[in-house]
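Peer 1: here are the coordinates; sequence isn't available:
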Ligand SMILES: NC(=O)c1ccc[n+]([C@@H]2O[C@H](COP(=O)([O-])OP(=O)(O)OC[C@H]3O[C@@H](n4cnc5c(N)ncnc54)[C@H](O)[C@@H]3O)[C@@H](O)[C@H]2O)c1
């Protein structure tokens, strides 16, 4: 390994830009290669962030470039094969969420990663968000007492341009779904992580109200029931105008916690007093802390907050939710992962 981890970015679209930027602020790690089937995108990012080798083909990059890790930011249906190819080369991977398009593929990735002892992290960066991290800590240290129910509200605004820029977002085969898997899965991940209880069953409904010629839902409303009886209500949409803050509310026997991501991420405790909780790493943004967490996992063997297997409960819930929306019935959540 060289003096700094050599990272190859694969998929140089929307999210890869801030990742490349924040990696420049991260000691012990640098982006040395950019790969995108659209070479213009790879070249643009390389030029913007200090240069590096540029590839239009992932396998070619794996064969020709000396790398220590991969950051994967491609459409969901490509995650599984590309993570497996990186693992085959012995390369740790930080993949964008969801780990894979399907739960079965996600379980396979977690198994291979653990069997080979090669880290695969999933960039559910809200775990590194100041307010979400504090929310989880206050559940774990008993500040709120037993949690009876929770509410997630994600009311985002997307225009037709969102689907024009990334046509894969329209397709169930490529994206796996719409607002639920792409956006709300961040918050489902945080709530399941904080509450710790296994999800049991889901009632879900989805709607395609806003966009034309788009297969995936723009709105998803439903509830998850956990094994301890706690209920989580989810409202997720990309049809809100104007966009609203993301909120998570937890209602416990001793008090209430309200998380909001705007104007800046914060957590408000109501009915209880508790010491402030700081996130585990310093950084300018949750994404930055997530990158640093991945770096520390590789260099110092410090635990990353979302290793592959830890990302599976959220994907299991998302799949059960879509089954429920299809069947109109309560659907059990897969727990064998
Ligand atoms: N963590 C977050 O907050 C966050 C935010 C946005 C997106 N994401 C995730 O990041 C991933 C990418 O999303 P995006 O919004 O950046 O999409 P995007 O469409 O903007 O970018 C995807 C890029 O992948 C490239 N690509 C497609 N096939 C490829 C291949 N075979 N080899 C190399 N490159 C290929 C495309 O040309 C495109 O440039 C998704 O998993 C998405 O859910 C995460």
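Peer 2: Arrived safely, thanks for sending. Here the structure is a predicted model, which means the values were calculated and not measured.
Peer 1: use CA for all of it now, contacts and neighbours both
Peer 2: OK.
Peer 1: now the residue lying farthest from the centre of the chain, nearest residue through space, not along the chain?
Peer 2: Computed with CA atoms, centre = their mean, the maximum C-alpha offset from the centroid of the chain is found at residue 271, amounting to 31.0 Å. Of all residues beyond its chain neighbours, the one nearest residue 271 is residue 255 (4.9 Å), with distances taken as CA to CA, 6 or more residues apart in numbering.
Peer 1: which strands and helices sit next to the stretch of helix or strand residue 114 belongs to?
Peer 2: Following DSSP states H and E, the helix or strand that holds residue 114 is helix 103-116. When contacts are defined as 3 or more CA pairs under 8 Å, 6 or more residues apart in numbering; DSSP states H and E, helix 103-116 sits against helix 79-88, helix 312-327.
Peer 1: just put those helices in TSV and tack on mean pLDDT.
Peer 2: Formatted as TSV, the entries for the helices and strands packed on helix 103-116 read as follows, by pLDDT from 0 to 100:
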stretch	mean pLDDT
helix 79-88	98
helix 312-327	98
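Peer 1: any chance of the ones you listed in CSV, plus distance to residue 60 and mean neighbour count?
Peer 2: What follows is the helices and strands packed on helix 103-116, written out as CSV (distance: least, CA to CA, whole Å; neighbours: other CA atoms under 10 Å):
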stretch, distance to residue 60, mean neighbour count
helix 79-88, 11, 19
helix 312-327, 30, 23
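Peer 1: same list (those helices) but as a markdown table, adding distance to the ligand.
Peer 2: Compiled in a markdown table, the helices and strands packed on helix 103-116 are given as follows (distance: least, CA to the nearest ligand atom, whole Å):
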| stretch | distance to the ligand |
| --- | --- |
| helix 79-88 | 8 |
| helix 312-327 | 12 |
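Peer 1: where does this structure dip in pLDDT?
Peer 2: Screening the chain residue by residue with the criterion pLDDT under 70, one finds the ranges 1-2.
Peer 1: pull the contacting residues for the residue positioned nearest the centre of it.
Peer 2: The C-alpha lying nearest the average C-alpha coordinate of the chain belongs to residue 124 (CA atoms, centre = their mean; 3.0 Å). Residues near residue 124 by CA atoms under 8 Å, 6 or more residues apart in numbering: 96-97, 186, 189, 306, 311.
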